[in-house]
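Q: Below are the sequence and a predicted model; questions follow.
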Amino acid sequence: MSEGQIYVKLSEDKLIPKSDVLSLLRTYNCYHEGKNFQLRTREEDGEFILEGLLNIYWGLRRPIRLQMYDDNERFRPNRNSCVLVKQLSAESNNNSLIRETGPAGDDAAVPEEDDCPQLLRTRSDASFMQIQRRSKTRSARDLQRLRTHRFSINGHFYNHKTSVFTPAYGSVTNVRVNSSMTTGQVLNLLLHKFRVENKSEEFVLYMVHESGERTRLRDDEHPLVTRVLHGPCEKISKILITEADLGEEVTYDVAQYIKFEIPVLDSFVQKLKEEEEREIRKLTRKYSAIKAMIQHQLEDKACSTDRV
């Protein structure tokens, strides 16, 4: 490692010269020219840092759960609401409740959560309360706050009926990261963005190639640097999030056979079995011969000792 040379971390034990990264970065940014995916660079305390958006594809097979609340926000009924609940409860017990709107379970009476900027988190037995929504007239600052309040996964916000769901396989999302962030940090950021309740330890990231090759990104690896090294075209390679216990690596040697038809693959397996059996017989003969020679030498030594 030459003095004065600046390196970029790919992982804890692998560094890449800044000049090599810059060369790849020019190609990367040229590919994304005019788009939001161009990466910016900066130096901080002698460290060369890339930052920008990173595309991640959903590859989950099992459902995830979205958090009901955003951060520390909770529904806190005011005094008037409490009085209203008591009144409605009493009227309900007397079977004389008159509602101006439709039934409590009528979806037409309550707008869909996905269509409402201020999401109602759930509706319980008190869902028939006439909760007055805020006026839809909001300042630009309020609208910006609501837009950044909670992101949806392909249009899916929290809904008490569908809070547990599986994101569409192969659909894409993105997070803003930098090259100093590790795989674990990127996963945490992704889950926090969408308020996913599952722990980051349940998931892993893979670099998936068009050929079918799949390489797991290690915990100490830096996904943004890995993305730049593999080039900008996501048809050739992309980053996939999947369950930690369901994903598996596929080497290039195996990936080159994946696209063959089943009968062809069966014939490959049969040939491999035959080759394996030949190798086993060859090794068995070899070690049988060595064993016989050792036994013969031992017998000769035993005979010599007896004669003496």
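A: Great, that's in hand. Because the structure is predicted, anything quoted here is derived from the model rather than measured.

Q: Could you list every helix and strand in contact with the longest helix seen in the chain?
A: When the chain is parsed with DSSP state H, its longest helix is helix 262-307. Other helices and strands packing on helix 262-307, by 3 or more C-beta pairs under 8 Å, 6 or more residues apart in numbering; DSSP states H and E, are absent; none qualifies. Where you see a C-beta, it was placed from the backbone N, CA and C, and this is true even at glycine.

Q: give me that answer again for 10 Å
A: On a contact count with 3 or more C-beta pairs under 10 Å, 6 or more residues apart in numbering; DSSP states H and E, helix 262-307 meets helix 252-258.

Q: tell me how far the helix it packs on is from the chain's mean position?
A: 24 Å (C-alpha atoms, centre = their mean, to the nearest Å).

Q: Alpha carbons of it, as PDB, please.
A: Taking Å, rounded to 0.1, in the frame of the first residue of the first chain, the C-alpha atoms of helix 252-258 are listed here in PDB:
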ATOM      1  CA  TYR A 252     -20.800 -19.200 -11.200                       C
ATOM      2  CA  ASP A 253     -20.000 -22.900 -11.900                       C
ATOM      3  CA  VAL A 254     -23.500 -23.800 -10.800                       C
ATOM      4  CA  ALA A 255     -25.200 -20.800 -12.300                       C
ATOM      5  CA  GLN A 256     -24.100 -21.700 -15.800                       C
ATOM      6  CA  TYR A 257     -26.300 -24.800 -15.700                       C
ATOM      7  CA  ILE A 258     -29.500 -23.200 -14.200                       C
END
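
Q: Now it: buried residues?
A: Ala255 (16 or more other C-beta atoms under 10 Å).

Q: name the helices or strands packed onto it?
A: strand 203-209, strand 214-216, helix 262-307.

Q: ok, and what's touching the second one?
A: When you say that, I think you mean strand 214-216. Residues outside strand 214-216 that contact it (C-beta atoms under 10 Å, 6 or more residues apart in numbering) are 59, 183, 204-209, 221, 226, 230, 237, 240, 242, 244, 247-252, 254-255.

Q: Swap in 7 Å and give it another go.
A: With C-beta atoms under 7 Å, 6 or more residues apart in numbering as the test, strand 214-216 has contacts from Val204, Tyr206, Met207, Val208, Gly247, Glu249, Val250.

Q: got it, and stretch 184-192?
A: Against stretch 184-192 from outside (C-beta under 7 Å, 6+ apart): Ile56, Val175, Val177, Asn198, Ser200, Phe203, Leu205, Asp219, Pro223.

Q: ok so the fourth one is a strand residue?
A: No. Asn198 sits outside any strand when classified using DSSP: H, G, I helix; E, B strand; the rest coil, being coil.

Q: I'd like to know how many residues surround it.
A: 16 (other C-beta atoms under 10 Å).

Q: which ones are touching it?
A: Ile64, Arg65, Leu191.

Q: Redo those as TSV? Include distance to Gln295 and secondary structure.
A: As requested, these are exported to TSV (distance: C-beta to C-beta, whole Å; DSSP: H, G, I helix; E, B strand; the rest coil):
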residue	distance to Gln295	secondary structure
Ile64	63	strand
Arg65	66	strand
Leu191	64	helix
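
Q: Could you tell me which of these count as buried?
A: Here, 16+ other C-beta under 10 Å leaves Ile64, Leu191 buried among the contacts of Asn198.

Q: Let me have the contacts of Asn198 in a markdown table, extended by distance to Ile16 and pLDDT.
A: Output for those, formatted as a markdown table (distance: C-beta to C-beta, whole Å; pLDDT from 0 to 100):
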| residue | distance to Ile16 | pLDDT |
| --- | --- | --- |
| Ile64 | 34 | 94 |
| Arg65 | 38 | 92 |
| Leu191 | 28 | 95 |
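
Q: Nearest to Leu10, out of the contacts of Asn198: which one, please.
A: For the contacts of Asn198, the minimum distance to Leu10 (C-beta to C-beta) is 23.5 Å, reached by Leu191.

Q: tally of neighbours for Gly247?
A: 19.

Q: so who does it touch?
A: So Gly247 contacts Val204, Tyr206, Arg216 (C-beta under 7 Å, 6+ apart).

Q: Weed out the non-buried ones from the residues you listed.
A: Here, 16+ other C-beta under 10 Å leaves Val204, Tyr206, Arg216 buried among the contacts of Gly247.

Q: a markdown table please, covering those residues and showing pLDDT.
A: A markdown table is the format used below for those (pLDDT from 0 to 100):
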| residue | pLDDT |
| --- | --- |
| Val204 | 96 |
| Tyr206 | 96 |
| Arg216 | 95 |
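
Q: ok, so of those, who is nearest Leu39?
A: Closest to Leu39, out of all of the buried ones among the contacts of Gly247 and judged by C-beta to C-beta, is Tyr206, at 21.3 Å.

Q: Which segments of the chain make up each domain?
A: 7-64+165-256, 260-307 (the TED database).

Q: Pick the most deeply packed of those.
A: With neighbours taken as mean count of other C-beta atoms under 10 Å, these reach their highest mean count in domain 7-64+165-256, at a mean of 16.
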